[in-house]
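Peer 1: Coordinates for the following, if possible.
(one chain, ligands or ions: 1)
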Amino acid sequence: MHTYLITGGAGFIGSHLAESLLADGHTVLALDDLSTGSLENVKTFRDHPRFELVIDSVMNVAVTSGLVDRADYIVHLAAVVGVQRVLDSAIRTIHTIAGGADIVLELATQKNKVVFIASTSEVYGKSADLPLSEDGDLLLGATNKGRWSYACSKAINEYLALAYYRERQLPVVVARHFNTVGPRQSARYGMVLPRFIEQAVAGRPITIYGDGMQQRCFCYVADVIWAIKRLITRPEHYGKVFNVGSSEEISILQLARLVKEMTQSDSEIVFVPYDVAYDDGFEDMRRRIPDLRRIHNAIGYQPRVGLVKIIEKIMEHHYASA
Ligand code: UDP
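Peer 2: Numbers count the residues shown, from 1 in each chain. Coordinates of the predicted model:
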């Protein structure tokens, strides 16, 4: 059995990973500043004897260093999340994302630990080279479009992780997550599926940004956890970047209709222009499908939970905690 440090351990993905590692018999140290993570997310295992939550920022080097000392594996998930938060606070986004990984990678190298770095499908930017494969080009927008600060900071994380692997022999693996969804994901930070479900259940208008013809592939959080656990523990994956997601595509308009139907909601579906929803000149990507061949060949990854089942699970959780 091992000790895992999860930065962002009280967040949406972090809390599911913590729960799963505890069930496997491991010890989990969670570091979270509760900026978007919450005590609510960890409440079912907060008192578990093998779980410890430290409420602090990964930017606090002394605290992070002490936790890295005690861990065998470090899963670095802490970040600023949500398109709106990124637009509202670019300085914090860049500092936390670029700086946070820098601290984790340096400490892990000094202390001989294994690291998983969470990146994002956002790094592909506007690339239309579908399906998006790990060795493909990244196509980011101009620096005056705030959205890209997130992608660019995460791309820096990747460069840094790969450089630590090459130059300092750090065992590190990078995963690019594509629209992960599931219970505990908050509607507060703008992600479309929890928002639509919350709007539908409350009978408020379901807000589609743009024309709703943009498409996404939604992946269930348990499938992502399955992948993280296998990628971090096998040395043959170190020094590599993997897409993690689903390739089942749906348009945002179809998603709104599906949510409305499954929640039996009377909500109206409304269209909100991007410049009203976000900023003037906001750029969105039309389609984003991962090429999953690399991760499939590496660990036999295949997403198991489809969208209808995902929505059922989120609804169960919504009603259970309402
Ligand atoms: N979106 C929407 N209505 C909302 C929130 C988001 O139509 O209330 C759209 C958003 O513009 C994007 C898609 O849903 O095209 C997915 O957004 P999300 O923020 O969940 O993830 P992204 O794929 O942008 O990282």
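
Peer 1: Any chance you could list what contacts the helix or strand bottoming out on mean pLDDT in the chain?
Peer 2: Sorting the helices and strands of the chain by mean pLDDT, DSSP states H and E puts helix 83-88 at the bottom, at a mean of 86. Around helix 83-88, the neighbours that count as contacts under CB atoms under 8 Å, 6 or more residues apart in numbering are Thr36, Val80, Thr93, Gly146, Arg147, Ser149, Tyr150, Tyr189, Gly190, Tyr278, Asp279. The C-beta positions use only the backbone N, C-alpha and C, and glycine is treated the same way.

Peer 1: Near the ligand, which residues of the protein are found?
Peer 2: 83, 179, 190-192, 195, 207-209, 214, 216, 252, 284 (CB under 6 Å from any ligand atom).

Peer 1: got a winner among the residues you listed for most neighbours?
Peer 2: The most neighbours of any of the residues of the chain next to the ligand, using other CB atoms under 10 Å, belong to Arg216, which has 24 neighbours.

Peer 1: residue in the stretch 201-322 of the chain nearest to the ligand?
Peer 2: Tyr209 (3.6 Å; CB to the nearest ligand atom).

Peer 1: try the stretch 1-150 of the chain
Peer 2: Val83 (4.8 Å).

Peer 1: gap between Leu138 and Thr120?
Peer 2: For Leu138, the distance to Thr120 equals 11 Å [CB to CB, to the nearest Å].

Peer 1: So between the two, which is more surrounded?
Peer 2: Higher neighbour count among Leu138 and Thr120: Thr120, with 22 against 15, using other CB under 10 Å.

Peer 1: wait, what's in contact with the more buried one?
Peer 2: Here Thr120 is in contact with Tyr150, Ala151, Lys154, Arg176, His177 (criterion: CB under 8 Å, 6+ apart).

Peer 1: ok, it to Ile208 distance?
Peer 2: 22 Å.

Peer 1: do the same with Met1
Peer 2: Taken as CB to CB, the span from Met1 to Ile208 is 47 Å.

Peer 1: So how do I select the buried members of the contacts of Thr120 in ChimeraX?
Peer 2: In ChimeraX, this line selects whichever of those come out buried by 16 or more other CB atoms under 10 Å:
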select :150,151,154,176,177
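
Peer 1: Filter the contacts of Thr120 down to the ones in strands?
Peer 2: Among the contacts of Thr120, the members found in strands (DSSP state E) are Arg176, His177.

Peer 1: pretty sure Arg195 contacts Ile208?
Peer 2: No: Arg195 is beyond contact range of Ile208, at 10.4 Å (criterion: CB atoms under 8 Å).

Peer 1: now the strands: where do they sit in the chain?
Peer 2: For the chain, applying DSSP E gives strands covering 3-7, 27-32, 51-55, 73-76, 114-120, 172-177, 180-181, 206-209, 215-217, 219-220, 241-244, 249-251, 269-272.

Peer 1: Pull out the buried residues from the third one.
Peer 2: Residues of strand 51-55 classed as buried by neighbour count (16+ other CB under 10 Å): Phe51, Glu52, Leu53, Val54.

Peer 1: Over to the second one?
Peer 2: Taking 16+ other CB under 10 Å as the basis for neighbour counts, the residues of strand 27-32 that come out buried are Thr27, Val28, Leu29, Ala30, Leu31, Asp32.

Peer 1: Now do the closest residue to Gly306 other than its chain neighbours against Gln254, distance only.
Peer 2: With CB to CB, 6 or more residues apart in numbering as the measure, Glu248 is the residue that lies nearest to Gly306, at 6.3 Å, once sequence neighbours are left out. According to CB to CB, Glu248 and Gln254 sit 11 Å apart.

Peer 1: Farthest pair within the residues of the chain next to the ligand?
Peer 2: Pairwise distances across those (CB to CB) peak at 17.3 Å, for the pair Asn179 and Thr207.

Peer 1: And stretch 141-149, how far out from the chain middle?
Peer 2: 20 Å (CA atoms, centre = their mean, to the nearest Å).

Peer 1: got the contact list for that stretch?
Peer 2: By CB under 8 Å, 6+ apart, stretch 141-149 touches 83, 86-87, 90, 93-94, 125-126, 140, 278-279, 281-283.

Peer 1: So, low pLDDT: which residues of the chain?
Peer 2: Filtered on pLDDT under 70, the chain yields the residue ranges 322.

Peer 1: In it, which helix is the longest?
Peer 2: Counting residues, the longest helix in the chain under DSSP state H turns out to be helix 148-168.
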